[in-house]
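*Asks:* have a look at this prediction, sequence included:
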Amino acid sequence: MKKYIAEFIGTFTLVLFGCGTAVVCGGAAGGTGVGYLGVVAIAMAFGLAIVAMAYAIGSVSGCHVNPAVSLSMFLTKKLDLKDFIGYVAAQVAGAFAGTAVLKFIVDSTEALSSANGLGQNGFGALNGFGLSMGGAYVVEVILTFVFIMTILGVTSNEKTSHMAGIVIGLTLTFVHIIGIPLTGTSVNPARSLAPAVFMGGEPLSQVWLFILAPLVGAVLAVVVHKVLKVGKEQ
């Protein structure tokens, strides 16, 4: 139960601070888009949230705070089925709690409104560049693949595992910088599901992609990681 509580807290923090920064930066731009500095700020908010939580709860749960990460750990046999289910449930609950608090905060201001968004992902009409569904799928698979490959690599080596929190946080920042203008960057089904449910409508109708693509990217990362590891041993 301590592990599940830790995952709840970690995901709550990630969504509140990451999506919260997206809302504030988007609102500061008049709701018309996010400028370059806004993209960097949002990317850093997500990345720094991971760094903070890695050192706050990492020793308790490993700080997955992401169903795609938990799936990769399950597939590599670092997480059993019971904990996998418990982790995902806690992550989804944390994401909904974080979004609920964000909505309350945003609707308590005069300058912002949750009706303009809660950091949800999107493609097509919901994207500033009008990225197609296929393009969004490819982007999310690749971003998640890179993110999970980094996690598997840095945590499987004792020489680098002590700085895993910083490396993983920087990698999340890195993938967000290109991903935010294209899809809003998911790489995390829980982080995408909660804002979409709160927004409803088209964001909710598109959320399946931001659940499926990160999971596919995680599976591909596990496969490639195993291949490269076996090849190195031979």
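*Replies:* Structure received.
*Asks:* what's near enough to touch residue 213?
*Replies:* Contacts for residue 213 were tallied using C-beta atoms under 8 Å, 6 or more residues apart in numbering; they are 136, 137, 140, 141, 144, 186. No exception for glycine: its C-beta is placed from N, CA and C like everyone else's.
*Asks:* between those, which is nearest residue 20?
*Replies:* Out of those, the one with the shortest distance to residue 20 is residue 186. That distance is 16.4 Å, counting by C-beta to C-beta.
*Asks:* next, that closest one: secondary structure please.
*Replies:* Classification of residue 186 by DSSP: H, G, I helix; E, B strand; the rest coil places it in coil.
*Asks:* can you give me the neighbour number for it?
*Replies:* Here the neighbour count serves as a burial measure; for residue 186 (other C-beta atoms under 10 Å) it reads 28.
*Asks:* distance of residue 89 relative to residue 63?
*Replies:* Summarising the geometry, the distance separating residue 89 from residue 63, computed by C-beta to C-beta, to the nearest Å, is 16 Å.
*Asks:* circling back to that earlier point, report the two of the contacts of residue 213 separated the most.
*Replies:* Of all pairs drawn from those, the one with the largest separation by C-beta to C-beta is 136 and 144; the distance is 12.3 Å.
*Asks:* the residue nearest to residue 175 when sequence neighbours are not counted: neighbour count?
*Replies:* In space, residue 175 comes closest to residue 143 once its chain neighbours are excluded; the distance is 4.3 Å by C-beta to C-beta, 6 or more residues apart in numbering. Burial of residue 143 is recorded as 25 neighbouring residues (other C-beta under 10 Å).
*Asks:* could you say which helix or strand contains residue 143?
*Replies:* Element membership of residue 143 [criterion: DSSP states H and E] is helix 133-155.
*Asks:* any idea how far that helix is from the middle of the chain?
*Replies:* For helix 133-155, the distance from its own C-alpha centre to the chain's C-alpha centre is 11 Å (C-alpha atoms, centre = their mean, to the nearest Å).
*Asks:* kind regards, and thank you for your time.
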